[in-house]
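**Student:** Take a look and give me a structure for this.
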Amino acid sequence: MVTGSDVMFMLCDNVEYAIYGDDYDSINWFDKPAAITKEEFEAGFTQYPAWKAEQDAQAEAAKLIAEAKLESLGLTAEDLKALGL
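**Tutor:** Numbering: from 1, shown residues only. The predicted structure is shown next:
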């Protein structure tokens, strides 16, 4: 289930706010102008699953690239852990 916090993280990652529920009226903008509209917030609930899937796919791709680079150097993730890295 997508929460208001999920939507806000997706839409307003670098904005100062507090959210106390899953509705737009529960957002505290700390006396600053709202960074998004109520319509954008509400649309975020349907947009979030696709956005989250894309974020997860990008993270997995980055992990595979890093592992391939390590392998080309003759190292594994376990080797790095053993070295404390």
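**Student:** other SSEs contacting the lengthiest helix in the chain?
**Tutor:** Determined from DSSP state H, the single longest helix within the chain is helix 38-72. Applying 3 or more C-beta pairs under 8 Å, 6 or more residues apart in numbering; DSSP states H and E, one finds that helix 38-72 contacts helix 4-11, helix 77-82. Using the backbone N, CA and C atoms, a C-beta is placed for each residue, glycine as well.
**Student:** which of the ones you listed is buried the deepest?
**Tutor:** helix 4-11 (a mean of 18; mean count of other C-beta atoms under 10 Å).
**Student:** contacting residues around it?
**Tutor:** 17, 19, 21-23, 26-27, 35-36, 40-41, 44-45, 47-48, 51-52 (C-beta atoms under 8 Å, 6 or more residues apart in numbering).
**Student:** Okay, and the residue of the chain most remote from its centre sits in which element?
**Tutor:** Distance from the C-alpha centroid of the chain peaks at residue 74, with 32.0 Å (C-alpha atoms, centre = their mean). Under the criterion DSSP states H and E, no helix or strand holds residue 74.
**Student:** Check residue 78 and give its pLDDT.
**Tutor:** At residue 78, the pLDDT value in this model is 84.
**Student:** Repeat that for the one 4 residues further on.
**Tutor:** For residue 82, the model assigns a pLDDT of 87.
**Student:** need the contact list for it.
**Tutor:** Applying C-beta under 8 Å, 6+ apart, no residues qualify as near residue 82.
**Student:** let's see it at 10 Å
**Tutor:** Going by C-beta atoms under 10 Å, 6 or more residues apart in numbering, residue 82 touches 75-76.
**Student:** Please consider this matter closed, and thank you.
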